[in-house]
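Colleague: dropping the sequence and predicted coords here.
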Amino acid sequence: MNLKRIVALAWKEWREIVRDRLFFALAFIVPTMLMLIFGFGLTLDVENLPFAVVDHDRTPASRDYAYRFISSRYFDFKGYADDERTIDRLLADNQVRVALVIPPRFDERLSRGEPAPVQVIIDGTFPMRAQTTQGYVAAINAAVSAENMAQALSTARGVPLAEARARVQPVKLEVRYLYNQSIKSIWSMAPKLIMLIMMLSPPFLTALGVVREKESGSIFNIYSSTVSPGEFLLGKLAPYVLISAANWFILWMLCLSVYQVPFKGDPLFFTLASLIYVVCTTGFGLVISMLVQTQVAAMIITSVVTIIPAVLYSGLLLPLSSLSPGASLIAHSLPPMYYGRIVTDCFLKGAGAAELWPDALVLAGYAVGLFAIGYLLFSKRPKS
Amino acid sequence: MTTETAIRVDGFTKRYGKRLAADGLTLEVKRGEIYGLVGADGAGKSSLMKAIAGVLSFDGGTVEVFGTRIDSARAAEQVKQRIGFLPQGLGLNLYPDLSIDENIDFFGRLRLVPADVLAERKRVLLGMTRLDAFRNRPMRQLSGGMKQKLGLVCTLIHEPDLVILDEPTTGVDPVSRRDFWAILGRLLEEKGVTALVSTAYLDEADRFHRVSLFHEGKVMGEGTPAELVAVVPGTLALFRAEPQADALPRLKARFPQTEAMGTWLRVFAEGLDATAARAEIDACLDQPAHPVGRTSVRHSLSDAPTCRTEVRPTEAPPIRLTDWFAREPELEDVFVAMLRQRGAKLESVFPEDGLTPHTSSAPAIEARELTRVFGDFRAADAVSFRVPQGEIFGLLGANGAGKTTVIKMLTGILKPSSGFGMVAGADMRTAGWAIKERIGYMSQAFSLYHDLSVVENIRLYAGIYGLDDKAARVRTDWVIGMAGLAGFENDAAGRLPMGLRQRLALGCALVHQPQVLFLDEPTSGVDPIGRRVFWDILFHLSRREGVAILVTTHYMGEAEHCDHLALMFAGKVVADASPEQMKQAVTAEAGQLLELRVDRPAPAQAALVAAGFASAVLHGRAVHLLSKTADADLARLPGVLDAAGVQLQSVQPRPLSMEDVFVHQVSALEAAQRGTP
Amino acid sequence: MKGFFSIAGLRRLRVMTWKELLQLLRDTALMVFFLYSFTGDIYVAASGVSMQLRNAALAVLDNDRSFASRELAGRFQPPYFKHAGEAASPDASLKLLDRGDAMAVLDIPPRFEERLTRGEQVPVQLQVDTTNSVLGFLASSYAAQIVGRYAGEVAMLREGLAGSGGPMIEAETRIWYNPNQYDPWFMGISELLTVVTLFSILLPAAAMVREKERGTIEQLMVTPLTPFQILFPKVIAMTLAIVAGTAIALFGVLGPVFDLPMRGSLPAFFLITALYVFTTAGLGLLAATVSRNLAQVGMLTIVILMPMLLLSGAWTPLEAMPPWMRLAAGFSPLHYYLDSAYGILLKGAGMDLLWDSVLAMGALGVTIFGVGMAWFNRQFG
């Protein structure tokens, strides 16, 4: 290892990156832009669900009942429909996602103290949305039922309404939300976006940077000199790691300032772990660049190999606990999941090295492993 | 192993997949030697050079550099500090966005040259290469010649003991090439560096101490340039014969290596000395016997056809032979003869297509005040010329003179800033897409689809030009016949040898029988036989089919074949005449060409320039100079050379070649430009 | 555009398309990758991942250790919950949450059973980790349902209401199009559309860059080919390839392995897929045309791809996005393709419902392609 050679390589690479103005600008703009777009736009919340009501009963009671849905912030009332046929069409055309059908004699049954059936139709194409919707519907219905029961009990037994309420609901669930008391979805999303974006951009920068030298032929300057593969990799990749680290820092600051996500953890540990992650994703780019010959191939393979795991197996959108054993294996064998945990817990749980050292260790293992593979694949005396 | 040997290669073999790139190559390079690998692209030169530089593993044989056997990456590392390697491709190993300074600094630091030493070396090298004025200019904005020199500086910055330069002069104009060789020669001599250099230009072989001739992965011959030329003895005859059209077929029947170059004929008389060659040629042309013809000695094979046996119509007009020059052949003549002995065919089989030739009294191509401005740079500046139907028109000029810009404007790829071009009677500014059906274009890069087969490429272009299926079949057969591609129909274009690839590209440009053909450096990197066949085809096209051809080239030998030439310099056309007229103009301006044979050409040239013979240039192992006052100069020359310690062996007048014309003109213009910046 | 309908014009389109297809097919490494993406990758996504909350780890801090407390805790069952053990103390439960070993802790107070039998209303506490707000919310909502049901039963017994019912809402929830909430249908289609989008942008961009780098684009510019005839065949060829890939995914993976219903008209689905690829391919060509080198193309495609993939509704419900974002999603062709693809495959929708999506997609496609061509003209004209 000769530091001078590494510096010479890194300096050359840096000058080249800086001279390609558009690329240099994009290298910084793209991560920030993605952070802003996704921060505002990417949300798994299920809200404003367009819904319609078919009220066959048309009584004040049925309207009151429907109003419970209409006034909920989860639903976006689109109007009353005449019959189920119309609902059919509205659902198929994505005009509504939920429909409430109140049959005739709804009011009558309730006043007689009998259970009143209603029908809820949910668009099931998107199971996660359907499941959440079901939860909302169940909660509203449970509340209405409890209220009705309490009133019935109060009238029948002559107890005060408050007592009746307690009696129909002998167990009360008090939920305490930890770490994100007001359940702000941006608080949980923004830190994970750091994970996502830092999975995408460093491999791209790196893979294209290395393959470009292969394609143009300037790699022969390296082959024919006494630079060792280790020196080459360090020098060549240092500027990319630096840019990515700077980007990581910008994203961190964006989380704190624009999205006001509280950072409760240990900044030092977080910085260290993040640097390891950046090195790790850079290593991804390195390995790809060693395996392909052309920039076109590097671009296509990098995008497919990074985008899909970062979206599917990182815990960004899909709950990790819901993965099948096979998919869970994939998730565990890729770095985003580990960093996803580090970044979330550092931000919201105030965790530090004590809790997260195993994840950081895995990432470090990755970084070392990827660079080892890159090192082994790099031959200064290739076959062609 | 003696310390005298720098490189020893024995039985070197390299395969890429199924393709055998180098087949049992053997050679030895001594220390301090400039050793040349001469041959076309794909002949195996690059593979060998990379293996020696330790950047390519190989399949068989041994390679030793400075006594170290290069058989593993570890072994290769041991000698890399002593090697400088410049890979093929003009400036491709440099960093286009970095300035000259930054490029050199990078190479220097990579090689751990201390900062002060680096600064000093950089100063010296930039001075020698005259790049010092452009230190801060990004590499991408340099001309081809400057890129090439920068590449050399970067390769030499750590003062290696051995430099390996892979085709440093390909794609560079003759003046820059001469400049490059002069600089390289001086540097190597000063430092006592061993050099292994490859080139596709056979006329550069004389720059080397020793040479290996490469062809299709094999060494065809090895030795000093003089030894190689002696392998196939013979005489090169230059003369005029009227009418040429009658003389040419007669001579070709006897001497396959006969070429017409404008009004001159160039004949390689294999196995004959000067007098025998004259006698044989006279006999072919039915000339009255030459006075000294009786003493001729014939070395040629006994079964060679002689002109005397040929039956000719008695009413054939008499042929007049004038301006006879006989000299020793050039390496290219010898190389072609060697390949011919191995069965290579020189002539194209030009299938008849039963077409009436394009005729038109209007010029096929006309450029009027064509101008293209990029920022504040005038790439083409009021360029005007016209090319009649059926003419081969050569556009010459140094790299960056604006040739490609002019072609791009004439073919409609680039819009002129002002002025306009007429092609096949249509104004390219306003002509619709239909006009393009009358144009054929072939670029330097032989723009074929490498992953498509030969037939697929032809069919593609046939379809692009709107030929129906039947016509496409007919033309596909024609192209395959014309380009000699029979047997290669289903091979991927990327796997063809360079010469075939080039003819396939030409075939694709001709598939729609264009009236006008544009060729941008169509022969770079192609072997001499391939080039000859190619020009043979061009000749047929222009004469038989009346196609107007506009061609650019860096091979001045090829420029001789053109009917008319335009010389460009800094975006302007500075001369526009036939090759003959150009030569006459130079003779009138600068005098007669004298060829000096000396024992040490390089110091001789330097001494001559110092003594006021500004036109003295190295030409092979001889020195060429232009002399207005031949008698007075002849008297002065021995003295000048004597003073420099050089022995003058002979002085002979020579006909001017296009290369002499080009070098003279461009050097004068460059000097004028430097004088008045 | 002139000459488009002439015989020569059509022949040009044909040979250029054939050329693109051949080049694509000959790129073995790319083809292997392509096939994997349309089969293996979709299989893994469809079989392995679910966006629903499953197996949320629940720890119990049982301060009562009675029959009733065990009964309540025992109701937290798969698929929604799985037991992550007992916590001995509040500190221990917090630690479980901190470490991520449990997602929620059910805290049952002392004397739970006793107070219940006495007719008191007993509070039970649930601490939920809401670092993932959506999962946290879902977990608490399931917990509320479970506890609610338990409470209801207890109340019925206690108040002697069992049997008679009462004025309750008995909701019959019907989930249409995917009644069993079978994830592979959704995940499989979403992944397929993602892969289609990736390749629709990348393949034409790559093909274009290759022509630029090899210099063949100049050769083409000298021929009578119009910019349209140069660009459009690339789109046709990539469209054919990707539609073929889609068919493989549909009939090779999603149909046989996951019994995807494919209720609507399949020809309509493939036509819409073709239209979508055309539209998206235009984006790729545009990126390749405006860039100077591949590094720039790469960055530009990320900028186009990522928002398109994540904000069009393939992975997230669009309804909750801010209005301006929903407006922006209206410019994403994927948004319309999603509606159409789910509409046809799962809902059995026909053209009478989908015409607006198809129209919007077509308009976008023509606009994008037009801009790309104008740019191309400016660059080479």
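Modeller: Good, I have the coordinates.

Colleague: going forward, measure contacts and count neighbours with C-alpha atoms only.
Modeller: Will do.

Colleague: and residue 314, how many neighbours?
Modeller: Because you didn't say which chain, this covers chain A. In terms of burial, residue A:314 registers 27 neighbours under the definition other C-alpha atoms under 10 Å in any protein chain shown.

Colleague: wait, chain C was what I had in mind.
Modeller: Residues lying near residue C:314 (other C-alpha under 10 Å) number 23.

Colleague: what does the pLDDT read for the closest residue to it other than its chain neighbours?
Modeller: Nearest residue to residue C:314, sequence neighbours excluded (C-alpha to C-alpha, 6 or more residues apart in numbering or on different chains): residue C:190, at 5.6 Å. For residue C:190, the pLDDT comes out at 89.

Colleague: thought residue C:190 was touching residue C:312?
Modeller: No - counting by C-alpha atoms under 8 Å, residue C:190 does not reach residue C:312; the two are 10.9 Å apart.

Colleague: so between those two, which is more surrounded?
Modeller: Between residue C:190 and residue C:312, residue C:312 has the larger neighbour count (other C-alpha under 10 Å), namely 27 against 23.

Colleague: if I look at that one, how far off is residue C:243?
Modeller: 21 Å (C-alpha to C-alpha, to the nearest Å).

Colleague: quick one: the residue nearest to residue C:314 and residue C:316, what's the gap?
Modeller: For residue C:190, the distance to residue C:316 (C-alpha to C-alpha) stands at 10 Å.

Colleague: for residue B:138, name its beta-bridge partners.
Modeller: residue B:99 (DSSP bridges).

Colleague: I'd say it and residue B:91 touch.
Modeller: No - taking C-alpha under 8 Å as the definition, residue B:138 is not a contact partner of residue B:91, at 12.0 Å.

Colleague: so who does the closest residue to chain B within the stretch 101-250 of chain A touch?
Modeller: Residue nearest to chain B within the stretch 101-250 of chain A: residue A:218 (3.7 Å; C-alpha to the nearest C-alpha). Counting by C-alpha atoms under 8 Å, 6 or more residues apart in numbering or on different chains, residue A:218 touches B:92, B:93, B:94, B:95.

Colleague: nearest to residue B:113 among these?
Modeller: Nearest to residue B:113 out of these is residue B:94 (C-alpha to C-alpha; 18.3 Å).

Colleague: doesn't that closest one belong to a strand?
Modeller: No - with DSSP: H, G, I helix; E, B strand; the rest coil as the criterion, residue B:94 is coil rather than part of a strand.

Colleague: any idea how far residue B:140 is from it?
Modeller: Going from residue B:94 to residue B:140 by C-alpha to C-alpha gives 9 Å.

Colleague: more neighbours: those two, which one.
Modeller: residue B:94 (29 against 17).

Colleague: chain C against chain B: which residues are in contact?
Modeller: Proximity of chain C to chain B, by C-alpha under 8 Å from any C-alpha of the partner chain, involves residues C:7-9, C:11-12, C:14-16, C:19, C:22-23, C:26, C:214-216, C:218-219, C:221-226, C:380-381.

Colleague: pull the number of nearby residues for residue B:92.
Modeller: Applying other C-alpha under 10 Å, we find 21 other residues in the vicinity of residue B:92.

Colleague: please look at it and residue A:213 and confirm they touch.
Modeller: No - counting by C-alpha under 8 Å, residue B:92 stays clear of residue A:213, with 9.6 Å between them.

Colleague: can you pull out the residues in contact with the worst-scoring helix or strand of chain C on mean pLDDT?
Modeller: Lowest by mean pLDDT, DSSP states H and E among the helices and strands of chain C is helix C:294-311, with a mean of 81. Outside helix C:294-311, the residues that touch it by C-alpha under 8 Å, 6+ apart are A:22-23, A:26-27, A:30, A:34, A:37-38, A:41-42, A:204-205, A:208-209, A:295-296, A:299, A:303, C:194, C:197-198, C:201-202, C:205, C:209, C:284, C:287-288, C:291, C:315-316, C:318, C:329, C:332, C:334.

Colleague: going along the chain from it, find the next helix or strand for me.
Modeller: Reading on from helix C:294-311 to the C-terminus, the next helix or strand found by DSSP states H and E is helix C:323-329.

Colleague: quick one: that following helix to chain centroid distance?
Modeller: Offset of helix C:323-329 from its chain centre (C-alpha atoms, centre = their mean, to the nearest Å): 18 Å.

Colleague: alpha carbons of the one helix or strand residue B:178 maps to, in PDB - could you do that?
Modeller: Taking DSSP H and E as the definition, residue B:178 sits inside helix B:174-191. Taking Å, rounded to 0.1, in the frame of the first residue of the first chain, the C-alpha atoms of helix B:174-191 are listed here in PDB:
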ATOM      1  CA  PRO B 174       1.600  12.300 -42.200                       C
ATOM      2  CA  VAL B 175       3.000  15.500 -40.800                       C
ATOM      3  CA  SER B 176       2.000  14.700 -37.200                       C
ATOM      4  CA  ARG B 177       3.400  11.200 -37.800                       C
ATOM      5  CA  ARG B 178       6.800  12.500 -38.900                       C
ATOM      6  CA  ASP B 179       6.800  14.800 -36.000                       C
ATOM      7  CA  PHE B 180       6.000  12.000 -33.600                       C
ATOM      8  CA  TRP B 181       8.800   9.700 -35.000                       C
ATOM      9  CA  ALA B 182      11.300  12.500 -34.800                       C
ATOM     10  CA  ILE B 183      10.400  13.200 -31.100                       C
ATOM     11  CA  LEU B 184      10.400   9.500 -30.200                       C
ATOM     12  CA  GLY B 185      13.700   8.900 -31.900                       C
ATOM     13  CA  ARG B 186      15.300  11.700 -30.100                       C
ATOM     14  CA  LEU B 187      13.900  10.700 -26.700                       C
ATOM     15  CA  LEU B 188      14.900   7.100 -27.100                       C
ATOM     16  CA  GLU B 189      18.300   7.900 -28.200                       C
ATOM     17  CA  GLU B 190      19.000  10.300 -25.300                       C
ATOM     18  CA  LYS B 191      17.800   7.900 -22.700                       C
END
